[in-house]
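**Q** Only the shape, not the letters, is given here:
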């Protein structure tokens, strides 16, 4: 079967990019040929299978995005800041490219990524001649269509109305989609289609092998590749210095933007180090809030509560957005005591920023971690990093909402009842203390209890997620064979009671 995929972005870095890089490999393993339309100019570096052909449309250098960001070689402009003519130029350039691919290859089915503009591009380019599915990743829905319905809802409806099936990562995303689009019959065409995990790469490793993976990753960063990816200059030395047999490594992997809640994790870190002095925090990612987070770590190093309060008060202003306080961080700083201030300088020395890493680097990092924190304060379509961390045997501590809560609910039954609450925390005034308390409880468990739990998490993740089954679901959705695909599950609002 020949499959056309439209993904208007890159193939590395963030969730939807990794989804597409992974699913084309899965299609190839299943024996299909793939025509991938994207903006990854360096695709030859990714060692894609021979069955995958990449087309990069000429969009004139302006890349429409959902949140402000930087992309090498592009002027990345949020959709809301583009004028109508700019939006239409982008759509038409991609429609022309897709039509050329269709004329040349005659695909059997197609997949459009994101609510805008992938679906409308396929709807116009395919003209009803090739059936297609839509994969809603969440960011286009929440950051573009929802707040700017008058401009972008018509595009979303045009694209979705032509699709045979619509795939979402979670019940939360499904309900948000149905509410925003308010389209009759859409719930009946919506099915679960979460990302998968490469359980052959993301797997537990003994300490010696995990340490070897870290040294291998450090060597790659030191070789100069990190300069192209936006890596931090001290990242290689920091990773080389880590020892999974000695250090208690906790990580964050994701965009460095305000809505990811990294400030809550940094504020919690002195409370963790005060109880677990050998703990180290590795922050992986890039984004517009990077400088503010580095400033946050520097303020911890000097125990400068005034600077931290300024960071909290200015909030999104520090990443180029409108002023607005970080309420939960401000609330914590108002009650931060002398013990927290005393622990802050030592804690700051045990925070390491790597900058951007490629997804293929994460199997060398996550098996060395004992926990991975996903502290987003904004809805997430799916907790992909949480699933990958669990597959490596690391505790995935996630905010208890949206798609993250559904991943938590899937993994929780694998743990002993008393440990299940460690998988999630509530976003609110007590978030900082709760993150710290749950990390400390996990890191101070006796070795045998924690070892059993890590093995159980890895087994559960391996059993629940796999890219080949995800790929088969995409084909079924594109063909309209929805009866065999799972409907969005009942909402998972909290971790199951012990």
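**A** Received, thanks. Here the structure is a predicted model, which means the values were calculated and not measured.

**Q** Please determine how far residue 441 is located from residue 397.
**A** 10 Å (CB to CB, to the nearest Å). All C-beta atoms are positioned from the backbone trio N, CA, C, and that covers glycine.

**Q** between these two, which one's more packed in?
**A** Ranked by neighbour count (other CB atoms under 10 Å), residue 441 and residue 397 place residue 397 first, with 26 against 15.

**Q** circling back: between residue 441 and residue 397, which contacts overlap?
**A** In terms of CB atoms under 8 Å, 6 or more residues apart in numbering, residue 441 and residue 397 are both contacted by the residues residue 422.

**Q** which parts of stretch 74-82 are buried?
**A** Neighbour-count burial for stretch 74-82, counted by 16 or more other CB atoms under 10 Å, picks out 74, 77, 79, 82.

**Q** actually stretch 311-320, not the one I typed
**A** 311-312, 314-316, 318-319.

**Q** Narrow the residues you listed to those in helices?
**A** Among the buried residues of stretch 311-320, the members found in helices (DSSP state H) are 311-312, 314.

**Q** would you turn those into TSV with pLDDT?
**A** TSV is the format used below for these (pLDDT from 0 to 100):
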residue	pLDDT
311	98
312	98
314	97
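
**Q** Out of those residues, which comes closest to residue 427?
**A** residue 312 (15.2 Å; CB to CB).

**Q** So that closest one sits against residue 266, correct?
**A** No - if you go by CB atoms under 8 Å, residue 312 and residue 266 don't touch, sitting 11.2 Å apart.

**Q** hey, which helix or strand in the protein has the poorest pLDDT?
**A** The least trusted helix or strand in the chain, going by mean pLDDT, DSSP states H and E, turns out to be helix 226-229, with a mean of 44.

**Q** now the next helix or strand after that one: mean pLDDT?
**A** Downstream of helix 226-229, the next assigned helix or strand under DSSP states H and E is helix 235-241. Averaged over helix 235-241, pLDDT sits at 89.

**Q** tell me which residues in the longest helix along the chain are buried?
**A** As assigned by DSSP H, the longest helix anywhere in the chain is helix 84-105. Judged by neighbour count (16+ other CB under 10 Å), helix 84-105 contains these buried residues: 87, 90-91, 93-95, 97-98, 101-102, 105.

**Q** what about this structure, any weak spots by pLDDT?
**A** By pLDDT under 70, the low-scoring segments of the chain are 224-231, 489-498.

**Q** can you name the farthest residue from the center of it?
**A** Computed with CA atoms, centre = their mean, the residue of the chain farthest from its C-alpha average is residue 338, at 35.4 Å.

**Q** quick one: that one from residue 270, how far?
**A** Residue 338 is 11 Å from residue 270, by CB to CB.

**Q** my read: residue 80 touches residue 148, true?
**A** Yes - with contact defined as CB under 8 Å, residue 80 and residue 148 form a contacting pair (5.3 Å).

**Q** Return the backbone torsion pair for residue 381.
**A** With angles defined as degrees, to the nearest 10, residue 381 sits at phi -70, psi -30.

**Q** just residue 78 next, same as before
**A** phi -60, psi 140.

**Q** Which residues does it form beta bridges with?
**A** Beta bridges link residue 78 to residue 65, judged by DSSP bridges.

**Q** cool, and residue 353?
**A** Assigned bridge partners for residue 353, using DSSP bridges, are residue 283.

**Q** who are the neighbours in contact with it?
**A** 232, 234-235, 283, 290, 293-294, 297.

**Q** And those, which of them are buried?
**A** Applying 16+ other CB under 10 Å to the contacts of residue 353, the neighbour count classes 232, 235, 283, 290, 293, 297 as buried.

**Q** Out of those, which is nearest to residue 16?
**A** residue 290 (20.4 Å).

**Q** what about residue 273, which SS state?
**A** Classification of residue 273 using DSSP: H, G, I helix; E, B strand; the rest coil returns helix.

**Q** To which secondary structure element is the residue nearest to it when sequence neighbours are not counted assigned?
**A** Closest residue to residue 273 apart from its sequence neighbours, by CB to CB, 6 or more residues apart in numbering: residue 347 at 4.1 Å. Assigned by DSSP H and E, residue 347 belongs to helix 338-348.

**Q** can you give me how far that helix is from the chain middle?
**A** Relative to its parent chain, helix 338-348 has a centroid offset of 30 Å by CA atoms, centre = their mean, to the nearest Å.

**Q** I would like the residues contacting it, please.
**A** For helix 338-348, the external contacting residues (CB under 8 Å, 6+ apart) are 269-274, 277, 297-298, 300-303, 305.

**Q** What of stretch 446-459?
**A** With CB under 8 Å, 6+ apart as the criterion, stretch 446-459 contacts 203-204, 370, 390-396, 411, 414-416, 419, 442, 445.

**Q** Let's see that with 10 Å instead.
**A** With CB atoms under 10 Å, 6 or more residues apart in numbering as the test, stretch 446-459 has contacts from 199, 202-204, 367, 370, 387, 389-396, 411-416, 418-420, 422-423, 442-445.

**Q** next one: it to chain centre, how far?
**A** 25 Å.

**Q** What residues sit buried inside it?
**A** If you call a residue buried by 16+ other CB under 10 Å, then stretch 446-459 has these buried ones: 450, 453-454, 456-459.

**Q** and what of stretch 205-215?
**A** 205, 210-211, 213-214.

**Q** Please work out which residues outside it touch it.
**A** By CB under 10 Å, 6+ apart, the list of residues contacting stretch 205-215 reads 204, 236, 238-247, 249, 282, 361, 363-369, 392-393.

**Q** picking up where we left off before, list the residues that are in contact with both of residue 312 and residue 266.
**A** Shared contacts of residue 312 and residue 266, defined by CB under 10 Å, 6+ apart, comprise 296, 329.

**Q** And the helices in the stretch 351-498 of the chain, which stretches?
**A** Under the criterion DSSP state H, counting those that start in this stretch, the stretch 351-498 of the chain contains helices at 384-391, 402-411, 431-443, 447-464, 467-478.

**Q** Could you dump the ones you listed into TSV with distance to residue 119 added?
**A** Below are the helices of the stretch 351-498 of the chain laid out as TSV (distance: least, CB to CB, whole Å):
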stretch	distance to residue 119
helix 384-391	21
helix 402-411	20
helix 431-443	35
helix 447-464	28
helix 467-478	12
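
**Q** how about the ones you listed, which one is nearest residue 138?
**A** Closest among these, once you apply CB to CB, is helix 402-411, at 7.3 Å.

**Q** elements contacting that closest one?
**A** helix 171-181, strand 371-374, helix 384-391, strand 395-399, strand 424-425, helix 447-464 (3 or more CB pairs under 10 Å, 6 or more residues apart in numbering; DSSP states H and E).

**Q** ok, back up a step: ok, of the contacts of helix 338-348, which come out buried?
**A** Applying 16+ other CB under 10 Å to the contacts of helix 338-348 flags 269-274, 297, 300, 303, 305 as buried.

**Q** which two in those residues are spaced the farthest apart?
**A** 272 and 305 (18.5 Å).

**Q** The nearest residue to residue 86 once chain neighbours are set aside: what's it in contact with?
**A** Nearest residue to residue 86, sequence neighbours excluded (CB to CB, 6+ apart): residue 62, at 6.6 Å. Counting by CB under 10 Å, 6+ apart, residue 62 makes contact with 74-77, 82, 86, 89-90, 93.

**Q** could I get those residues as a markdown table with distance to residue 13?
**A** Supplementary listing: the contacts of residue 62 in a markdown table, determined by distance: CB to CB, whole Å:
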| residue | distance to residue 13 |
| --- | --- |
| 74 | 13 |
| 75 | 17 |
| 76 | 12 |
| 77 | 18 |
| 82 | 22 |
| 86 | 24 |
| 89 | 25 |
| 90 | 20 |
| 93 | 22 |
